[in-house]
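Peer 1: Quick one: sequence and predicted model below, then my questions.
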Amino acid sequence: MSQVDCQSLLPPFRPECRTSGVLLHVTSLPSPYGIGDVGPAAYAWLDQLHYAGQSWWQALPLGPTGYGNSPYQALSSFAGNGLLVSPDFLLDDGLLTAEDCEEGRTLPKDAVDFDRVIAFKHRLLARAWSNFRAAPQRALRSEFDQFCSEQAHWLDDYALFRAMKMQYGGIDFLDWPQALVKRDPAALACARLDQEEKIDQSRFAQFLLFRQGKRLKEYARERGILLIGDLPFFVSQDSSDVWANPECFQLDHLRPRFVAGVPPDYFSAQGQLWGNPVYDWEALRRTGYRWCIDRLKALLAHVDLVRLDHFRGFCAAWHVPPDARTAEHGHWVQGPGADFFEVVQRELGHLPFIAEDLGLITADVIALRDKFGLPGMRVLQFAFDGHRDNPHLPDNFTPNTVVYTGTHDNTTTRAWFEGLPENAQHNLWNYLGHTDQPTSEVAWELTRLAWSSKAGLAMVPLQDLLNLGVEGRMNLPGTARGNWRWRCTKEMLTPSVFDRLRDLTSASGRSPKLVNDNQPMIAEAVT
């Protein structure tokens with residue numbers, strides 16, 4: 001796909017621009033090492049999307065996860081999740097042996113056992129670093145040195161942060177010795193000297209992931225697939241972001257003055273208490289939003305389009321007292337609004353964003369989204385409340401829209417439907433123009449509805465393509481444990497799944513150019 005073709009698919013979506021794609025987090029891919037990664041399974045996945053005439057692959061945030069293994073609570077906005085490094089490609093590089101990787105094949109294939117996977121992957125990365133240090137390949141050494149130099153503006157702080165986390169048993173950075181918490185220059189210099197080995201190992205893990213990720217993005221482009229990334233609005237309190245850039249946040253002795261959340265909504269009667277520190281937008285504005293723009297650029301180096309999570313936070317965010325137990329008692333505080341996007345547009349030259357405008361959306365949020373031509377999100381599971389003016393009903397879509405059957409925060413469409421009252425199920429089939437159908441057809445029918453809509457981009461979670469029930473749920477908002485574990489197996493990705501999607505995509509005019517009918521679907525890269 002040429003640069004011109006790429007730009008033609010970016011928002012704002014015009015009426016003649018009709019594309020589609022699939023939502024699947026990288027960790028959910030069927031690699032043989034306990035967790036999905038950016039190795040052969042990701043390439044096979046791109047081949048399958050290409051065969052089915054898809055233009056987009058959307059993933060969840062790719063940062064190193066902290067509390068609850070949530071991709072929305074990353075340890076850094078700039079680093080990648082080392083768990084996504086492909087052992088297969090480290091074998092190709094001569095950094096590992098097959099024996100090193102054997103333990104991974106004993107890990108579960110249908111869910112991520114994070115405790116075991118983290119221990120396994122950390123041992124692999126340590127072994128790869130040890131082998132590299134013992135016998136560095138000249139070309140690889142040169143690439144590594146260049147990477148460290150180019151990414152030093154975030155990498156040095158992040159690598160030291162990770163080394164300190166290991167040194168102090170993973171505790172919150174606020175509980176480290178105060179000289180380190182307050183970034184005393186002498187204490188930092190001493191820590192860098194003492195932890196040099198661990199710091200270099202963290203740098204090396206990031207280098208490996210960025211190197212593998214760059215190759216994957218290039219392959220996606222060759223297959224005509226663009227990548228959608230996801231940028232959390234807030235950052236984790238226990239992160240290198242806050243530790244290295246405290247001036248960006250509203251803090252009192254480095255502890256949050258307020259924490260983020262949302263008031264009671266569809267997902268939770270008590271609201272959602274996220275616990276993230278909130279921004280000092282005035283301080284950020286004085287710098288030209290430099291840290292925010294660097295954060296955007298870091299993600300756009302890996303993806304083509306960014307879903308701006310919690311878009312309404314740019315208008316106003318819900319601030320909750322730091323000692324609150326729920327998010328019910330907070331207050332709205334104004335965000336940077338149009339000023340932010342005007343600065344970003346000047347810096348980037350365009351605004352390659354999707355606005356996640358779900359939840360309690362007010363007129364000012366809609367006005368901000370539309371002022372900059374950002375497509376909003378519509379979710380079909382929210383559409384059938386009986387109100388004809390419901391914005392999630394396809395009758396009310398505009399072309400500059402991204403429609404989903406469901407998101408990572410929803411249960412699967414089949415499980416959602418099974419939980420509806422009988423009269424609501426009947427109303428859904430009436431809207432679709434059918435008499436009542438088997439439950440097994442509802443996920444496909446909502447996919448067909450999304451693909452036939454006016455929305456410029458139609459997306460479906462893989463779980464809905466596979467017609468999974470509650471066992472396919474990725475996240476339950478408001479709960480801290482047991483999420484983000486779902487994986488598909490190689491056996492689930494049968495040719496019939498992609499044949500059906502290919503036919504629908506062609507019939508609905510969403511395929512840019514389907515591959516030759518006689519070309520076999522390549523899906524054998526997963527070992």
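Peer 2: Done, it's in. Numbers count the residues shown, from 1 in each chain.

Peer 1: list the buried ones in stretch 260-271?
Peer 2: 260, 261, 262, 263, 268, 271 (16 or more other C-beta atoms under 10 Å). In short, each C-beta sits where N, CA and C put it, glycine included.

Peer 1: To clarify, my last question referred to stretch 318-325.
Peer 2: So, applying 16+ other C-beta under 10 Å, buried residues of stretch 318-325: 318, 319, 320, 324.

Peer 1: would TSV of the buried residues of stretch 260-271 with pLDDT be doable?
Peer 2: Formatted as TSV, the buried residues of stretch 260-271 follow (pLDDT from 0 to 100):
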residue	pLDDT
260	96
261	92
262	90
263	89
268	77
271	88
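
Peer 1: Determine which two of the residues you listed are furthest apart.
Peer 2: Using C-beta to C-beta, these reach their maximum pairwise distance at 260 and 268, which is 14.3 Å.

Peer 1: with the buried residues of stretch 318-325 in mind, which one is nearest to residue 392?
Peer 2: Distances from residue 392 to those, taken by C-beta to C-beta, are shortest for residue 318, at 22.1 Å.

Peer 1: avg pLDDT for the helix or strand hosting the closest one?
Peer 2: According to DSSP states H and E, residue 318 maps onto strand 316-320. The pLDDT scores in strand 316-320 average 97.

Peer 1: Would you give the sheet partners of that strand, along with the direction of each?
Peer 2: strand 259-262 (antiparallel), strand 331-334 (antiparallel) (DSSP bridges).

Peer 1: Check the offset of the next helix-or-strand element following the last one from the chain's centre.
Peer 2: Per DSSP H and E, strand 331-334 leads on to helix 338-348 as the next helix or strand towards the C-terminus. The gap between the average C-alpha position of helix 338-348 and the chain average comes to 23 Å, counting by C-alpha atoms, centre = their mean, to the nearest Å.

Peer 1: ok, now which ones touch residue 6?
Peer 2: Applying C-beta atoms under 8 Å, 6 or more residues apart in numbering to residue 6 gives the contacts 221, 226, 304.

Peer 1: which residues sit in contact with residue 67?
Peer 2: Here residue 67 is in contact with 73, 236, 238, 480 (criterion: C-beta under 8 Å, 6+ apart).

Peer 1: what about 6 Å?
Peer 2: residue 73 (C-beta atoms under 6 Å, 6 or more residues apart in numbering).

Peer 1: Residue 489 now?
Peer 2: 30, 109, 110.

Peer 1: Quick one, grab the pLDDT at it.
Peer 2: pLDDT, residue 489: 96.

Peer 1: what's it sitting at in phi/psi?
Peer 2: phi -100, psi 160 (degrees, to the nearest 10).

Peer 1: Now render the buried residues of stretch 260-271 as TSV, adding distance to residue 60.
Peer 2: TSV is the format used below for the buried residues of stretch 260-271 (distance: C-beta to C-beta, whole Å):
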residue	distance to residue 60
260	18
261	20
262	18
263	24
268	20
271	22
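
Peer 1: Would you verify that residue 228 is located in a helix?
Peer 2: No. Counting by DSSP: H, G, I helix; E, B strand; the rest coil, residue 228 is not found in a helix; it is strand.

Peer 1: Let me know whether it touches residue 58 as I believe.
Peer 2: Yes. Taking contacts as C-beta atoms under 6 Å, residue 228 lies within contact range of residue 58: 3.8 Å.

Peer 1: closest to residue 504 out of the strands paired with strand 316-320?
Peer 2: That would be strand 259-262 among the strands paired with strand 316-320, by C-beta to C-beta, at 34.4 Å.

Peer 1: which residues of this protein score low on pLDDT?
Peer 2: 1-5, 266-267, 513-527 (pLDDT under 70).

Peer 1: Tell me which residue is most central in it.
Peer 2: Nearest to the mean C-alpha position of the chain, counting by C-alpha atoms, centre = their mean, stands residue 60 at 1.8 Å.

Peer 1: Touching, it and residue 230? I think so.
Peer 2: Yes. Counting by C-beta under 6 Å, residue 60 does reach residue 230; the two are 5.3 Å apart.

Peer 1: Which residue, neighbours along the chain excluded, lies closest to residue 28?
Peer 2: Leaving aside its chain neighbours, residue 28 sits nearest to residue 487 (4.9 Å; criterion: C-beta to C-beta, 6 or more residues apart in numbering).

Peer 1: Next: residue 431.
Peer 2: residue 384 (6.6 Å).

Peer 1: Which strand or helix spans the one you found?
Peer 2: When elements are assigned from DSSP H and E, residue 384 belongs to no helix and no strand.

Peer 1: What's the biggest helix in this structure, counting residues?
Peer 2: Longest helix in the chain by number of residues (criterion: DSSP state H): helix 196-222.

Peer 1: Pull out the buried residues from it.
Peer 2: Buried residues in helix 196-222, counted by 16+ other C-beta under 10 Å: 198-213, 216-217, 220-221.

Peer 1: could you say what helices and strands the helix or strand where residue 241 lies packs with?
Peer 2: For residue 241, the host element (DSSP H and E) is helix 240-244. Where contact means 3 or more C-beta pairs under 6 Å, 6 or more residues apart in numbering; DSSP states H and E, helix 240-244 is packed against helix 152-167.

Peer 1: quick revisit: who touches the helix holding residue 241?
Peer 2: Contacts for helix 240-244 (C-beta under 6 Å, 6+ apart): 76, 77, 157, 158, 161, 173, 235, 249.

Peer 1: Kindly indicate the member of these with the most neighbours.
Peer 2: Most neighbours among the contacts of helix 240-244, by other C-beta atoms under 10 Å: residue 76, with 27 neighbours.

Peer 1: tell me which residues in the strand or helix carrying residue 193 are buried?
Peer 2: Per DSSP H and E, residue 193 falls inside helix 185-194. Judged by neighbour count using 16+ other C-beta under 10 Å, the buried positions of helix 185-194 are 187, 188, 191.

Peer 1: Could you do stretch 350-360 as well?
Peer 2: 351, 352, 353, 354, 355, 356, 357, 358, 359.

Peer 1: Skip the chain neighbours and tell me the closest residue to residue 236.
Peer 2: Nearest to residue 236 is residue 73, by C-beta to C-beta, 6+ apart, at 4.5 Å.

Peer 1: For the one helix or strand residue 299 maps to, buried residues please.
Peer 2: For residue 299, the host element (DSSP H and E) is helix 290-300. The neighbour-count check on helix 290-300 (16+ other C-beta under 10 Å) flags 291, 292, 293, 295, 296, 298, 299, 300 as buried.

Peer 1: just stretch 64-82 next, same as before
Peer 2: 64-66, 68-82.

Peer 1: on that earlier part again, of the buried residues of stretch 260-271, closest to residue 453?
Peer 2: residue 262 (27.1 Å).

Peer 1: so that closest one makes contact with residue 318?
Peer 2: Yes. The criterion here is C-beta under 6 Å, and residue 262 meets it with residue 318 at 5.3 Å.

Peer 1: With distance to residue 169 added, can I get the buried residues of helix 185-194 in a markdown table?
Peer 2: Output for the buried residues of helix 185-194, formatted as a markdown table (distance: C-beta to C-beta, whole Å):
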| residue | distance to residue 169 |
| --- | --- |
| 187 | 18 |
| 188 | 20 |
| 191 | 15 |
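
Peer 1: What is the neighbour count of residue 401?
Peer 2: The burial count for residue 401: 22, using other C-beta under 10 Å.

Peer 1: Now it: closest residue in space that isn't a chain neighbour?
Peer 2: residue 455 (4.2 Å).

Peer 1: Confirm that the one you found lies within a helix, as I assumed.
Peer 2: No. If the criterion is three-state DSSP, then residue 455 is coil and not within a helix.
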